[in-house]
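Chemist: following is a predicted model, sequence given first.
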Amino acid sequence: LQDGLSSALKSLSGKGKLSESNMRDGLKLVERSLLEADVSYEVVRTFMKNVTEVAVGEKVLKSLNPSQQIVGTVHQELINLMGPVDHSLHLKGPGEVTVLMMCGLQGSGKTTSCGKLGRMLKQRGRKPLLVAADLQRPAAIDQLHVLGEQLDIPVYSERGEQDPVKVCNNAVKQAKKLGADTVILDTAGRLHIDDELMGQLERIDKQCNPEQIYLVCDGMTGQDAVNSAQAFNQALEIDGVIMTKLDGDARGGAALSVKQVTGVPIKFIGTGEHLDALEEFHPDRMAGRILGQGDILSLVEKAQAEFDEDEMKAQEERLAKGEFTLDDFKKQLKQITRLGPLRKVMGMIPGMGGMLDSLGDVDPENDMKQLFGIIDSMTPAEKRDPKLIDQSRRRRIAAGSGVEPHQVNELVKMFEPMSQMMKAMAGKGMKDRMKMFNQ
Ligand code: GDP
Ligand code: MG
């Protein structure tokens, strides 16, 4: 994929605006990336449609080409889609018992995640109780007891009981007596969703009234994860998803699909079989992983922050010759505006801070346009040597740019200290100068 990506990026050079045609290659790559990451086909289609709408008409940054920029836009859209995440477990206060319920298909990692969550809670000073409510497989109860022993967390089970609803109910009732304040229900799964399982889970939900219900979802499965998440969410109203097995080479596309289809946020991710391998879910990291283009993303970020190198070089050479005109000044202002919010950046430039104050509530972006307008109304000779600008020239320039003559004067005054400083610094690189501004 990396090969395809770099060559596609090379084939596109900076065009004025993103359009459907010059974005096509970039979008194709993104689409392929998403499908390779196991995002479900339907989700990919909807997503690509949205991204195209957002991106068309966006101005292409000078130092980026359309497909680089599209990757940036896609990254941001992925983050928006998978976020925001509330990592809280919604635990009740002291003296009260909080119930957390796990559900999910067989083998998705429910029992393991119960142990991981129990460990996390214990570390946070809570007193968890694990409840063995998977009565489908004889070994399931033993599995939970083994985890409990490893973690030194009590496990509630009733051997011989057939009804998991009763087991859960009894466990919640006895939690306080057993010294626990957080009950984690480890329910049964099936290889496929069936009505009996769903009915059982719904009854547990009704009787035990869990504070949070978490769907445990295998991150290695793509389309399956979506279908099961939808079914579980319809029956139970899931509060969050724990996506497991993201330690392998799964690209995590299921995270996007599940969130898109159910609206339920991923809360935690399982990153290994060990009981400490549970992490909070971060949409930005997952977005990078789904795109599988860490390099490209950092390239985009870097390009966004940097100036146009060619323009810089040309100015460099002229400065070295002791030249600094109002045209250079204008270019400089333009570059500066890429560094951050105009008001903040301008405040750092000698001679400009005061002018900003006098602007009051005026929008500096707009004001900048006005400054450019004034400069554009000057003759080349005036731009080279603003001292030429006398009263009549001043009036002509003001009329040409739609400002008052005194505003032309202010600009010239502003230019002078800047010009001197620039000439004084002619030996230094543009970046060093910018650094001076940023101090
Ligand atoms: P359950 O049937 O839903 O209770 O699933 P289990 O908790 O028994 O887990 C099924 C298998 O997946 C076990 O072999 C676990 O060790 C493994 N597993 C669970 N979570 C993870 C994870 O985050 N990463 C990896 N690599 N394996 C996991
Ligand atoms: Mg289990």
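Modeler: Now that the structure is in, tell me what you want to look at. Ligands and ions are numbered 1, 2, ... in the order given.
Chemist: rest of the way, CA atoms for contacts and neighbours
Modeler: Fine.
Chemist: distance check, the nearest residue to Leu105 once chain neighbours are set aside against Gly373.
Modeler: Distances taken as Cα to Cα, 6 or more residues apart in numbering put Gly189 closest to Leu105, at 4.5 Å, once the chain neighbours are dropped. Going from Gly189 to Gly373 by Cα to Cα, to the nearest Å gives 69 Å.
Chemist: which one's more surrounded, those two?
Modeler: Set Gly189 next to Gly373 and count neighbours by other Cα atoms under 10 Å: Gly189 wins out with 24 against 18.
Chemist: pLDDT score assigned to the more buried one?
Modeler: Note for Gly189: predicted pLDDT of 90.
Chemist: again, but for His192
Modeler: So His192 comes in at 80 (pLDDT).
Chemist: next: Asp432.
Modeler: Looking at Asp432, the pLDDT reads 56.
Chemist: wait, what's in contact with the residue nearest to Leu105?
Modeler: By Cα atoms under 8 Å, 6 or more residues apart in numbering, the residues touching Gly189 are 103-107, 134, 197.
Chemist: which two of those have the greatest separation?
Modeler: Taking Cα to Cα, the two most distant members of the contacts of Gly189 are Gly107 and Leu197; they sit 14.8 Å apart.
Chemist: hang on, the earlier thing: in helices, which of the contacts of Gly189 fall?
Modeler: Among these, the residues falling in helices (DSSP state H) are Leu197.
Chemist: turn the contacts of Gly189 into JSON lines, including distance to ligand 1.
Modeler: Formatted as JSON lines, the contacts of Gly189 follow (distance: Cα to the nearest ligand atom, whole Å):
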{"residue": "Cys103", "distance to ligand 1": "8"}
{"residue": "Gly104", "distance to ligand 1": "6"}
{"residue": "Leu105", "distance to ligand 1": "6"}
{"residue": "Gln106", "distance to ligand 1": "4"}
{"residue": "Gly107", "distance to ligand 1": "3"}
{"residue": "Asp134", "distance to ligand 1": "8"}
{"residue": "Leu197", "distance to ligand 1": "14"}
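Chemist: which members of the contacts of Gly189 are positioned in strands?
Modeler: Taking DSSP state E as the definition of strands, the contacts of Gly189 contribute Cys103.
Chemist: just the buried members of the contacts of Gly189?
Modeler: 103-106, 134 (16 or more other Cα atoms under 10 Å).
Chemist: spell out which helix or strand contains Val241, please.
Modeler: strand 240-244 (DSSP states H and E).
Chemist: and that strand, what does it pack against?
Modeler: Packing partners of strand 240-244 (3 or more Cα pairs under 8 Å, 6 or more residues apart in numbering; DSSP states H and E): strand 212-218, strand 266-270.
Chemist: quick one: which of these is nearest Glu404?
Modeler: With Cα to Cα as the yardstick, what comes closest out of the helices and strands packed on strand 240-244 is strand 266-270 (57.8 Å).
Chemist: tell me what the helix or strand just after the closest one is packed against?
Modeler: Downstream of strand 266-270, the first helix or strand assigned by DSSP H and E is strand 278-280. With contacts defined as 3+ Cα pairs under 8 Å, 6+ apart, the secondary structure elements packing on strand 278-280 are helix 110-123, strand 266-270.
Chemist: list the buried residues of the longest helix along the chain.
Modeler: Assignment by DSSP H gives helix 405-424 as the longest helix of the chain. Of the residues in helix 405-424, 405, 408-409, 411-412, 414-416, 418-419, 422-423 count as buried by neighbour count, 16+ other Cα under 10 Å.
Chemist: without its sequence neighbours, what residue ends up closest to Gly322?
Modeler: Lys423 (5.7 Å).
Chemist: right, and that neighbour touches Leu319 too?
Modeler: Yes: at 6.3 Å, Lys423 counts as touching Leu319 under the criterion of Cα atoms under 8 Å.
Chemist: kindly report the residues of the chain close to ligand 1.
Modeler: Residues of the chain lying close to ligand 1 by Cα under 6 Å from any ligand atom are 106-112, 244-245, 247, 270-273.
Chemist: how about 8 Å then?
Modeler: 103-114, 140, 143, 186-189, 216, 218, 243-248, 269-274, 277-278 (Cα under 8 Å from any ligand atom).
Chemist: alpha carbons only: can I get stretch 114-130 in CSV?
Modeler: Provided in CSV are the C-alpha atoms of stretch 114-130 (Å, rounded to 0.1, in the frame of the first residue of the first chain):
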residue,chain,number,x,y,z
CYS,A,114,-14.0,-9.3,33.0
GLY,A,115,-10.7,-10.1,34.6
LYS,A,116,-9.0,-7.1,33.0
LEU,A,117,-11.7,-4.7,34.2
GLY,A,118,-11.7,-6.3,37.6
ARG,A,119,-7.9,-5.7,37.8
MET,A,120,-8.3,-2.1,36.7
LEU,A,121,-11.1,-1.5,39.3
LYS,A,122,-9.0,-3.0,42.1
GLN,A,123,-6.1,-0.7,41.2
ARG,A,124,-8.5,2.2,41.5
GLY,A,125,-9.4,1.1,45.0
ARG,A,126,-12.7,-0.6,44.3
LYS,A,127,-13.8,-4.0,45.5
PRO,A,128,-14.9,-6.0,42.5
LEU,A,129,-16.8,-9.3,42.4
LEU,A,130,-16.7,-11.4,39.3
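Chemist: now it: mean pLDDT?
Modeler: 96.
Chemist: got the buried residues for that stretch?
Modeler: Buried residues in stretch 114-130, defined by neighbour count with 16+ other Cα under 10 Å: 114-122, 126-130.
Chemist: how about stretch 160-178?
Modeler: 164-168, 170-172, 175-176.
Chemist: show the end-to-end separation of that stretch, please.
Modeler: 21 Å.
Chemist: and the contacts of that stretch?
Modeler: In contact with stretch 160-178 (Cα under 8 Å, 6+ apart) are residues 97, 99, 129, 131-135, 156-158, 181-183, 185, 187, 200-201, 203-204, 207-208.
Chemist: inside strands: which ones of those residues?
Modeler: 99, 129, 131-133, 156, 182-183, 185, 187.
Chemist: surely Ala231 is in a helix?
Modeler: Yes: counting by DSSP: H, G, I helix; E, B strand; the rest coil, Ala231 falls inside a helix.
Chemist: how near is it to Val85?
Modeler: 22 Å.
Chemist: same thing with Leu147?
Modeler: For Leu147, the distance to Val85 equals 28 Å [Cα to Cα].
Chemist: Arg126 now?
Modeler: 22 Å.
Chemist: could you do Phe232 as well?
Modeler: 20 Å.
Chemist: look at these two and report which has more neighbours.
Modeler: A side-by-side neighbour count of Phe232 and Val85, using other Cα under 10 Å, places Phe232 first with 21 against 16.
Chemist: how is the chain partitioned into domains?
Modeler: 2-84+294-305, 98-281, 309-437 (automatic domain parsing).
Chemist: wait, isn't Met243 in contact with Pro265?
Modeler: No: Met243 is beyond contact range of Pro265, at 10.3 Å (criterion: Cα under 8 Å).
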